[in-house]
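> Predicted model follows, preceded by the sequence.
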Amino acid sequence: MEQKISPIINPEELIALSQSSPIIIIDVSAGADAKTKYTQQHLKGTLFANLNTDLAHIMPDAANGGRHPLPGPDQFAAVLTRLGITPTTHVILYDDKNGSNAAARLWWMLRSIGHKKVQVINGGLNAAIAAGFPVSSNEEQALITEPYGEVNWELPLSSIQEVENVAANSDFLIIDVRDKERYNGEKEPIDLVAGHIPGAVNIPFAKNLDSKGFFLPPAELKRLYEDAMEHRTAENVIVHCGSGVTACHTLLAMDYAGMLIPKLYVGSWSEWSRNNKPMATLAKEQS
């Protein structure tokens, strides 16, 4: 039986792996200038995946699926084929935000279609550079390979309807991984309304990391989330963020901790807040 690999790879492990095994490294940094930064400097041999066009199928109205809805499985399979990834490829992912942005999203997507060999660099781009992994500004080209094949989303997903149905049910737990200020309704830099889903608890994804930006040890992560889950099983836990991207960082952390992966609510706050659903803020809850 093939042993499950850790979803996290330390930079030193990556350097050793790159010298002994064939791998494909993907830069999944997001933001308006992400591609420009990639062309200026990336880990040598790395390809680039775009959050908006490769890892999402953005709709004109974010009320329908949120700001970053998942692409169709066929669309995603075509992206993997373009990147030269096959079902047996060992894929390494990073972004410039400690894996908390689109690297975790692509990790979840690959795991969800059953791809086994996929890891996120602990500490992200800067940690790999600091460890001595070579960098480049050359245009990288994927090897031409056969089509990835037919895929389907296999990891559990939640919907706006399910979230609304279970939000007040104590047998379920909804985890909001956004910053505390956004959850409290004190500010909202991206979406239209500040606040949170009533009944959701706030465990910011930054709690998965230590002061240097590396993932906490698996035992600490397990204790953090088992304490929050109490008696609940993974199938009764729903994780969300603003648009279903950084929520994957928490799912990654839970998998790293050896826990079952809960449900991802992809639409997240960006969908919920645009559909006339109940909304809570710290001020309302304290009044």
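Sure, I can see it. Residues are numbered from 1 along each chain as shown.

> quick one: average confidence on stretch 169-184?
What stretch 169-184 shows for mean pLDDT is 97.

> now swap in stretch 84-92 and tell me
Averaging the model's pLDDT scores along stretch 84-92 yields 97.

> Just the endpoints, please. Distance across it?
In terms of C-alpha to C-alpha, to the nearest Å, the two terminal residues of stretch 84-92 are separated by 13 Å.

> what do you get for stretch 251-260?
9 Å.

> mind listing what's buried in that stretch?
Going by neighbour count (16 or more other C-beta atoms under 10 Å), the buried part of stretch 251-260 is 251-257, 259. Using the backbone N, CA and C atoms, a C-beta is placed for each residue, glycine as well.

> Now do it: everything it contacts.
Contact with stretch 251-260 is made by 6-8, 99, 104, 107-108, 111, 120, 205, 208, 215-216, 218-219, 221-222, 225-226, 233-235, 239, 261-262, 264, as judged by C-beta atoms under 8 Å, 6 or more residues apart in numbering.

> can we see that at 6 Å?
7-8, 104, 107-108, 208, 218, 221-222, 225, 234, 239, 261 (C-beta atoms under 6 Å, 6 or more residues apart in numbering).

> Who are the packing partners of the helix or strand Asp227 falls within?
If you go by DSSP states H and E, Asp227 is part of helix 218-229. Applying 3 or more C-beta pairs under 6 Å, 6 or more residues apart in numbering; DSSP states H and E, we find helix 218-229 packed against helix 247-256.

> Next secondary structure element downstream of the helix it packs on?
With DSSP H and E, the next secondary element past helix 247-256 is strand 263-265.

> now the helix or strand just after that next one: how far from the chain's centre is it?
Sequence-wise, the next helix or strand downstream of strand 263-265 (DSSP H and E) is helix 268-272. Remark: helix 268-272 is offset 16 Å from the chain centroid, using C-alpha atoms, centre = their mean, to the nearest Å.

> ditto for stretch 203-221
Relative to its parent chain, stretch 203-221 has a centroid offset of 14 Å by C-alpha atoms, centre = their mean.

> The stretch 51-200 of the chain: strands as residue ranges?
Assigned by DSSP state E, counting those that start in this stretch, the stretch 51-200 of the chain shows strands spanning 91-94, 118-121, 135-136, 157-158, 173-176.

> returning to what we had before: need the contact partners of the helix holding Asp227.
Residues outside helix 218-229 that contact it (C-beta under 6 Å, 6+ apart): 173, 237, 253-254, 256-258.

> cool, stretch 170-183 as well?
166, 187-188, 196, 200-205, 229, 232, 236-239, 241-242, 246-247, 250.

> One more: stretch 59-66?
Residues from elsewhere that reach stretch 59-66 (C-beta under 6 Å, 6+ apart): 243-244, 267-268, 270-271, 274-275.

> quick one on the thing from earlier: would you list the buried residues of stretch 251-260 in CSV and tack on distance to Gly72?
Below are the buried residues of stretch 251-260 laid out as CSV (distance: C-beta to C-beta, whole Å):
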residue, distance to Gly72
Leu251, 21
Leu252, 23
Ala253, 27
Met254, 26
Asp255, 24
Tyr256, 28
Ala257, 31
Met259, 29
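
> Pipe these into a markdown table and attach pLDDT and distance to Pro87 per row.
Output for those, formatted as a markdown table (pLDDT from 0 to 100; distance: C-beta to C-beta, whole Å):
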| residue | pLDDT | distance to Pro87 |
| --- | --- | --- |
| Leu251 | 98 | 21 |
| Leu252 | 97 | 20 |
| Ala253 | 98 | 25 |
| Met254 | 98 | 24 |
| Asp255 | 98 | 19 |
| Tyr256 | 98 | 22 |
| Ala257 | 98 | 26 |
| Met259 | 98 | 25 |
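
> and the gap between Cys97 and Glu235?
For the record, residue 97 is Lys, not Cys. To Glu235, Lys97 is 29 Å away according to C-beta to C-beta, to the nearest Å.
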